[in-house]
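sequence and predicted structure are below.
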Amino acid sequence: MLTLSGLRESAEIACECTLAFTTPSPMLQCDICLDFKHLSCYGYLTAPIAEFVCYSCLLVSEKTLLSEMKEICKKRHILAFLRDGGNASDLGNHMTEQSTLHKIFELSVWMLKFLTKSLS
């Protein structure tokens, strides 16, 4: 089920990216666990099909793959932030306390490698 960015304040956001941005973003609700996930973390630019199952429910018995998908979710979320006009040098200001500086640094290093590789 797709929920637009007008999410109720009491709703629980438990996305695999573990990044909590202060700017609102479109959300998906898992049909199994009912947790809300960031649309961009799943690689969607627009609403997907009517049914949605999150990685945590889909990969419950695949811990290694789930861990890898969580890292991909983080990278997708950061890339979506930048795609939507966010400034890389201002990234930390748009994240809440839940996101550590270490995560921001790791993702920044990954982005630089990705962009350098893409441009060459």
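Right, received. Where do you want to start? Residues are numbered from 1 along each chain as shown.

select the longest helix from this structure.
When the chain is parsed with DSSP state H, its longest helix is helix 63-83.

first to last residue in stretch 57-66, what's the distance?
With Cα to Cα, to the nearest Å as the measure, stretch 57-66 spans 10 Å from end to end.

residues in contact with that stretch?
E16, C30, I32, C33, Y55, S56, M69 (Cβ atoms under 8 Å, 6 or more residues apart in numbering). Quick note: C-beta positions are derived from backbone N, CA and C, even for glycine.

counting neighbours, which of these comes out on top?
Scoring those on neighbours with other Cβ atoms under 10 Å, the highest-scoring entry is E16 at 23 neighbours.

follow-up on the earlier one: for the contacts of stretch 57-66, which one is nearest K117?
Nearest to K117 out of these is M69 (Cβ to Cβ; 21.3 Å).

can you show me the helices along the chain?
Applying DSSP H to the chain gives helices spanning 55-58, 63-83, 101-119.

can you redo the contacts of stretch 57-66 as a markdown table with distance to A47 and pLDDT?
Formatted as a markdown table, those follow (distance: Cβ to Cβ, whole Å; pLDDT from 0 to 100):
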| residue | distance to A47 | pLDDT |
| --- | --- | --- |
| E16 | 19 | 89 |
| C30 | 15 | 90 |
| I32 | 18 | 92 |
| C33 | 19 | 90 |
| Y55 | 18 | 94 |
| S56 | 20 | 94 |
| M69 | 20 | 92 |
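
returning to that earlier point: for P26, which of the helices of the chain is the nearest?
Taking Cβ to Cβ, helix 63-83 is the member of the helices of the chain nearest to P26, at 9.8 Å.
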